[in-house]
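Chemist: With the input below, show me the fold.
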Amino acid sequence: MFERILVAVDGSDGSKRALEKAARLAAHCAAELFILTVYRHHSMTEASMSMVRPNDPENLDDVLRGYAKQVAEQAKKDAAALGADKVRAFVKVGQPARTIVKFGEDHGADLTVVGSRGMGDLEGFLLGSVSHKVTSLADCPVLVV
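Modeler: Numbers count the residues shown, from 1 in each chain. All right, here's what the predicted structure looks like:
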């Protein structure tokens, strides 16, 4: 049925449900499961705010990347516990929907699984959710959980 399944995770409840569905489906189909966590590069406004916080010297990109790695690694463990045995986790920086679709195309995913609502921001509320954008842009089937 499916050979390569991509699931996007961001640590939200919706992405956890998507991961569970994708992992069980991957186990059932003996498919390879790609877990992808995407974080956005911080803006110049955020960068300027970090310069006025001398007690918090960490680079915001480093913090976001670290969190994304934690989310991806935990998702990999959770997927294995659910029976998926060919699991790889990735972290990318970029605009979430476009990065998810591009990753799926580059890795030959024949199904993309996303949560219906993630940790979106005001932009997502105003311009549409990541899941909606992925369904619009993807060439392969998209399962929204």
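
Chemist: For residue 36, name its beta-bridge partners.
Modeler: With DSSP bridges as the criterion, residue 36 is bridged to residue 8, residue 90.

Chemist: what about it, how many neighbours?
Modeler: 26 (other CB atoms under 10 Å). Placement of C-beta: from N, CA and C, glycine included.

Chemist: quick one: it and residue 19, what's the gap?
Modeler: Remark: distance between residue 36 and residue 19 (CB to CB, to the nearest Å) = 11 Å.

Chemist: where do the contact lists of the two overlap?
Modeler: Shared contacts of residue 36 and residue 19, defined by CB atoms under 8 Å, 6 or more residues apart in numbering, are found at 7, 9.

Chemist: Residue 66 sits in which helix or strand?
Modeler: Following DSSP states H and E, one finds residue 66 within helix 60-81.

Chemist: For that helix, enumerate the helices and strands it packs against.
Modeler: helix 13-29, strand 32-39, helix 44-51, strand 87-93 (3 or more CB pairs under 8 Å, 6 or more residues apart in numbering; DSSP states H and E).

Chemist: Among these, show me which one is buried the most.
Modeler: Comparing those by mean neighbour count (mean count of other CB atoms under 10 Å), strand 32-39 ranks first with a mean of 24.
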